[in-house]
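Asker: next comes the sequence, and after it the predicted model I'd like to discuss.
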Amino acid sequence: RFNAYKADSTGAEIVFNTGGTTSFGQRMVIDSSGNVGIDENPAYRLDVNDEITGAYTTSNPQFVTRIKNKTNDGQINSSFLSLQCSSDNGGANPVAGVGVVMESAGSNNSSFVVTTRNSSGNTEKMRITSGGEVLIGGTTSGELNSVTINGGGYIFARSTGASAYFDKTSSDGAAVVFRR
């Protein structure tokens, strides 16, 4: 069953309901600004309140939800999925995010990016580049105060202080082993 209506003259929205002949449950809302909520009143372009699952295999990935940010202005494009915990302060600030960032304007190469929030706001914490490098704490290979793991298995840590700490809590075995 399908129902669509205008809620009132100040906040026009389309609401999709499902249910029997006497009671209905709100399933999707499109508000006056174009935000869509599925089992949720939307605060963002798309708000989904439910478990989303899908099958994935390495030979045939199945994408359950697609998020696309399309611009043609020659800028470095990005598209992010904002993640929030139910204890967040009303949905105004994302707790974390995952997304894709084009590596340069006009390029088809992209990096996968993970962000988290601290007292300074939402900031990038990890990046996997199109070349297979994993960057932690930085956005470019070898950046100061960051760790880079490249596709060859090399780990590069660069810091203004000590680059590595080895803290063994027991007396048996070696703390570090170097092999040639």
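Answerer: Sure thing, it's come through. Everything quoted here is computed from the prediction, not taken from an experiment.

Asker: for the protein, name the helix or strand with the lowest mean pLDDT.
Answerer: Ranked by mean pLDDT, DSSP states H and E, the weakest helix or strand in the chain is strand 78-83, scoring a mean of 76.

Asker: and the next helix or strand past that one?
Answerer: Next along the chain after strand 78-83, taking DSSP states H and E as the criterion, comes strand 96-102.

Asker: other SSEs contacting the helix or strand following that following strand?
Answerer: Next in sequence after strand 96-102, counting helices and strands by DSSP H and E, comes strand 110-118. Packing partners of strand 110-118 (3 or more Cβ pairs under 8 Å, 6 or more residues apart in numbering; DSSP states H and E): strand 78-83, strand 96-102, strand 121-128. Where you see a C-beta, it was placed from the backbone N, CA and C, and this is true even at glycine.

Asker: how does it look with 6 Å?
Answerer: Helices and strands touching strand 110-118, by 3 or more Cβ pairs under 6 Å, 6 or more residues apart in numbering; DSSP states H and E, are strand 96-102, strand 121-128.

Asker: what is the rounded mean pLDDT of it?
Answerer: Confidence over strand 110-118 (mean pLDDT, whole number) is 86.

Asker: that one: partners in the sheet, and parallel or antiparallel?
Answerer: Strand pairing for strand 110-118, determined by DSSP bridges: strand 96-102 (antiparallel), strand 121-128 (antiparallel).

Asker: which parts of the longest one are buried?
Answerer: To tie it back to what came earlier, the one meant is strand 121-128. 122, 124-127 (16 or more other Cβ atoms under 10 Å).

Asker: in this structure, where is pLDDT below threshold?
Answerer: The chain contains residues with pLDDT under 70 at 1-11, 50-76, 85-94.

Asker: picking up where we left off before, could you give the angle of the least confident helix or strand of the chain to strand 121-128?
Answerer: With axes from the mean of the first three to the mean of the last three Cα atoms, to 10 degrees as the basis, strand 78-83 and strand 121-128 are set at 120 degrees to each other.

Asker: and strand 78-83, which residues are buried?
Answerer: 80, 82.
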